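Engineer: from the sequence below, what's the structure:
(chains A, B, C and D)
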Number of protein chains: 4
Amino acid sequence: MPRVVVDVMLKPEILDPQGQAVANALPRMGVSDVSAVRIGRRIEIEFTGEPDLERAREIADKLLANPVIEDFTVRLVKADEPTEAHS
Amino acid sequence: MPRVVVDVMLKPEILDPQGQAVANALPRMGVSDVSAVRIGRRIEIEFTGEPDLERAREIADKLLANPVIEDFTVRLVKADEPTEAHS
Amino acid sequence: MPRVVVDVMLKPEILDPQGQAVANALPRMGVSDVSAVRIGRRIEIEFTGEPDLERAREIADKLLANPVIEDFTVRLVKADEPTEAHS
Amino acid sequence: MPRVVVDVMLKPEILDPQGQAVANALPRMGVSDVSAVRIGRRIEIEFTGEPDLERAREIADKLLANPVIEDFTVRLVKADEPTEAHS
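Structural biologist: Sure, this is the predicted structure:
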């Protein structure tokens, strides 16, 4: 069954101290070619029937993201097209 | 410039109370066809040069995910193939 | 009006990669005397009437914490005894 | 050994959709006397020697909180005065 994925990220102009902490920890791991790390949320919504993007967008807008500081995107992910497909 | 996206989700057998809270709040919004909500993290990693999936996987394993309770996937996202492409 | 504060922390035996990332980033800030950083959640619950610790505990158990991987504590914080009192 | 606790909460004027989701889920649990729920972070910092509040404040300011959208407080918690003392 397909599911809806909502990705929520801080707006680009909003500082992300947690991502900054990860970025700053990398040199100690020998990693020096990362310029930025941003940490957001990924929410998976499963519907009992047909996934409803419009409905998911409404849920995201009210309960998942803060539109003042965050951007979100809503998309369908097919069951036979796993999210790790590109890895 | 392409970037690497790491998606971190609680393993399916681990309870997700925050997702549960969202799911339980939906009937009051008139939404009755959602069976489950799971909340994870989405991390975007930008490299100064060529994105390095292997390196990103190592970072995820050490600083982004807890392998005992979480699963993660690592993938490339092209700049001209925005994540909202499917929305 | 007093409020109830729920503190949720990962159990001591559960790895906390986000706290680890902060700890690993500190040497670059010139901080070398921190042995551990743990990141949890702090939830403030306001009641319309008398704060109800028992009720708050029930809410925490069902919607705020995952008892398999997290511990939580519930306590009253008086309005005239701000949380920053000890800083 | 005492430790330093940093509490990070969204500023009062910033919407907290995750807290809102918990608040909206409560009526289904039979809870009708909660007026607001706010979800923040609680960070515990352990020092190898004497806990250093000033240092902790600096860490919070750079790696734990986003001063544009969040407030934080820093305080000492004694080992023999557990955080659950008031519960």
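
Engineer: for chain A, which spans come out with low pLDDT?
Structural biologist: A:79-87 (pLDDT under 70).

Engineer: for it, which segments count as helices?
Structural biologist: A:17-25, A:53-59 (DSSP state H).

Engineer: so which of those is nearest residue C:20?
Structural biologist: helix A:17-25 (7.8 Å; CB to CB). Where C-beta positions appear, they are placed from N, C-alpha and C, glycine not excepted.

Engineer: so which elements touch the closest one?
Structural biologist: Under the contact definition 3 or more CB pairs under 8 Å, 6 or more residues apart in numbering or on different chains; DSSP states H and E, helix A:17-25 sits against strand A:34-47, helix C:17-25.

Engineer: most neighbours per residue, which of the ones you listed?
Structural biologist: By mean neighbour count, with neighbours taken as mean count of other CB atoms under 10 Å in any protein chain shown, helix C:17-25 ranks first of the helices and strands packed on helix A:17-25 at a mean of 23.

Engineer: which bits of chain A sit near chain D?
Structural biologist: Contacts of chain A with chain D, taken as CB under 8 Å from any CB of the partner chain, map to A:14-18, A:20-21, A:24, A:62-66, A:68-69.

Engineer: before we move on, back to that, same list, the helices and strands packed on helix A:17-25, but as TSV with distance to residue C:55 please.
Structural biologist: Shown next, in TSV, are the helices and strands packed on helix A:17-25 (distance: least, CB to CB, whole Å):
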stretch	distance to residue C:55
strand A:34-47	27
helix C:17-25	30
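
Engineer: state the distance from residue A:64 to chain C.
Structural biologist: Residue A:64 sits at a distance of 15 Å from chain C (criterion: CB to the nearest CB, to the nearest Å).

Engineer: which residues touch that residue?
Structural biologist: A:6, A:8, A:41, A:43, A:72, B:22, D:17-18, D:21 (CB atoms under 8 Å, 6 or more residues apart in numbering or on different chains).

Engineer: next: residue A:26.
Structural biologist: Taking CB under 8 Å, 6+ apart, one finds A:32, A:34, A:37, B:59, B:63 in contact with residue A:26.

Engineer: export the helices of chain A to CSV and tack on distance to residue B:47?
Structural biologist: Below are these laid out as CSV (distance: least, CB to CB, whole Å):
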stretch, distance to residue B:47
helix A:17-25, 11
helix A:53-59, 31
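
Engineer: mind checking which of those is nearest residue C:28?
Structural biologist: Among the helices of chain A, helix A:17-25 sits nearest to residue C:28 (CB to CB), with 5.3 Å.

Engineer: convert that closest one to CSV, retaining C-alpha atoms only.
Structural biologist: Output of helix A:17-25 as CSV, limited to C-alpha atoms (Å, rounded to 0.1, in the frame of the first residue of the first chain):
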residue,chain,number,x,y,z
PRO,A,17,22.0,24.4,15.8
GLN,A,18,21.6,20.6,15.9
GLY,A,19,22.7,20.3,12.3
GLN,A,20,25.5,22.6,13.2
ALA,A,21,26.6,20.3,16.0
VAL,A,22,26.7,17.4,13.7
ALA,A,23,28.7,19.4,11.1
ASN,A,24,31.1,20.5,13.8
ALA,A,25,31.6,17.0,15.0
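
Engineer: identify, from the residues of chain A next to chain D, the entry nearest to residue C:54.
Structural biologist: Closest to residue C:54, out of all of the residues of chain A next to chain D and judged by CB to CB, is residue A:63, at 26.5 Å.

Engineer: once you drop chain neighbours, what's closest to that closest one?
Structural biologist: Nearest residue to residue A:63, sequence neighbours excluded (CB to CB, 6 or more residues apart in numbering or on different chains): residue D:21, at 4.3 Å.

Engineer: is it true that the one you found touches residue B:19?
Structural biologist: No: assessed by CB atoms under 8 Å, residue D:21 is found out of contact with residue B:19, at 9.3 Å.

Engineer: do you know how far the residue lying closest to residue A:47 once chain neighbours are set aside is from residue A:52?
Structural biologist: Once flanking residues are discounted, residue A:47 sits nearest to residue B:33: 5.3 Å by CB to CB, 6+ apart. As judged by CB to CB, to the nearest Å, residue B:33 and residue A:52 stand 7 Å apart.

Engineer: okay, the two: which has more neighbours?
Structural biologist: Neighbours were counted for residue B:33 and for residue A:52 using other CB atoms under 10 Å in any protein chain shown; residue A:52 has more, 17 against 13.

Engineer: is residue A:36 in contact with residue B:46, as I believe?
Structural biologist: Yes: the pair residue A:36 / residue B:46 is scored as a contact, 4.4 Å apart, by CB under 8 Å.

Engineer: closest one to residue C:78 among the helices of chain A?
Structural biologist: Taking CB to CB, helix A:17-25 is the member of these nearest to residue C:78, at 29.7 Å.

Engineer: great, nothing more from me.
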